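Enquirer: Fold the stuff below for me.
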Amino acid sequence: MPAKRDPLAKVDNLPARVAKYAPVSAALTAVYGQLDWSRNQDGMDELVSCILSQSTTDTNRDRAFARLKDRYDDWAAVRFADREELIGVIRPAGLANQKAPRIQEALGVIHDHAGDYNIDFLETMSLADAKAWLVSLRGIGPKTAAIVLCFAYGRPAFPVDTHVFRVGKRIGFLPAKISANNAHPLMEAIAPPDDYYQFHIQLIQHGRDTCHARTPACERCPITAHCDYFAALD
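Expert: The predicted model follows:
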């Protein structure tokens, strides 16, 4: 079997990218505060919520998830629900024709593996094996796997969503042409594992509040001294 390629091997200026972490983290913590990990949802809720969140807004995801929980008593009921009915229940999340079968298929795989609708076994697997198990589910990629492991179990996985991807490239953590999948191990190399949860949330908050997709508010950004995008404006 050929050796696995190191996704960091072709990243240029890696030490300089890592060096940005400390000052950027300190500046964002000064703005957004210190954040400690806390579990808001169990692993199953987090996983299904993530599937619903794909290609939609948080508001639409939350509406669909609330409808799902209101309509069905447990995950077995969701798994064996009439497909068309389930599509109608989760329609607010969009792409319901894709998401409904993905949810039901994932529930089947989980039950076959664990004998229950529970993924707490991920807590005792190695991190690499837990990621690999999650991405083996149809429709689950590195971002969803990292969100489930980080948010539901406090494990050191760094999720890269659209905000983190955009802000990370502008600051210079991520090369301009890196893929979203390869951005995950790079962000894990840049930030200390104990800070993954906090730094992920801070980058999202910064993307929403200041580093907007179309017109970033550089005039009020606290990290311009460390930002490649701002330096290129001169």
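
Enquirer: ok, S38 - how many residues close by?
Expert: The number of residues packed near S38 is 8, by other CB atoms under 10 Å. Backbone N, C-alpha and C define where each C-beta goes, glycine included.

Enquirer: ok, and it, which helix or strand is that part of?
Expert: Assigned by DSSP states H and E, S38 belongs to neither a helix nor a strand.

Enquirer: Over to L107?
Expert: When elements are defined using DSSP H and E, L107 is found to belong to helix 96-114.

Enquirer: now the angle from the following helix or strand past that helix to helix 96-114?
Expert: Going down the chain from helix 96-114, the next helix or strand is helix 127-135, by DSSP H and E. Interaxial angle, helix 127-135 versus helix 96-114 (axes from the mean of the first three to the mean of the last three CA atoms, to 10 degrees): 130 degrees.

Enquirer: Contacts for helix 127-135 next, please.
Expert: 47, 122, 125, 140-142, 144-146, 148-149, 155-157 (CB atoms under 8 Å, 6 or more residues apart in numbering).

Enquirer: quick one: buried residues of it?
Expert: In terms of neighbour count (16 or more other CB atoms under 10 Å), helix 127-135 has its buried residues at 130-131, 133-135.

Enquirer: and that helix, how far from the chain's centre?
Expert: 14 Å (CA atoms, centre = their mean, to the nearest Å).

Enquirer: for the following helix or strand past that helix, packing partners?
Expert: From helix 127-135 onward toward the C-terminus, using DSSP H and E, the following helix or strand is helix 142-147. Contacts defined by 3 or more CB pairs under 8 Å, 6 or more residues apart in numbering; DSSP states H and E place helix 142-147 against helix 43-53, helix 127-135, helix 180-190.

Enquirer: Could you identify which of those is most buried?
Expert: Neighbour counts (mean count of other CB atoms under 10 Å) averaged over each of the helices and strands packed on helix 142-147 peak at helix 43-53, with a mean of 22.

Enquirer: quick one, whichever helix or strand comes after it and helix 43-53 angle?
Expert: Downstream of helix 43-53, the first helix or strand assigned by DSSP H and E is helix 58-71. Angle of helix 58-71 versus helix 43-53, following the same axes, to 10 degrees, is 130 degrees.

Enquirer: Now helix 58-71 - C-alpha only, PDB.
Expert: Once non-C-alpha atoms are left out, helix 58-71 reads as follows in PDB (Å, rounded to 0.1, in the frame of the first residue of the first chain):
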ATOM      1  CA  ASP A  58     -28.100  28.200  10.600                       C
ATOM      2  CA  THR A  59     -31.700  29.500  10.800                       C
ATOM      3  CA  ASN A  60     -33.000  27.100   8.300                       C
ATOM      4  CA  ARG A  61     -31.000  24.200   9.800                       C
ATOM      5  CA  ASP A  62     -32.400  24.900  13.200                       C
ATOM      6  CA  ARG A  63     -36.000  25.100  11.900                       C
ATOM      7  CA  ALA A  64     -35.600  21.700  10.200                       C
ATOM      8  CA  PHE A  65     -34.000  20.100  13.200                       C
ATOM      9  CA  ALA A  66     -36.700  21.400  15.600                       C
ATOM     10  CA  ARG A  67     -39.400  20.000  13.200                       C
ATOM     11  CA  LEU A  68     -37.500  16.700  13.100                       C
ATOM     12  CA  LYS A  69     -37.400  16.400  16.900                       C
ATOM     13  CA  ASP A  70     -41.000  17.400  17.300                       C
ATOM     14  CA  ARG A  71     -42.300  15.000  14.700                       C
END
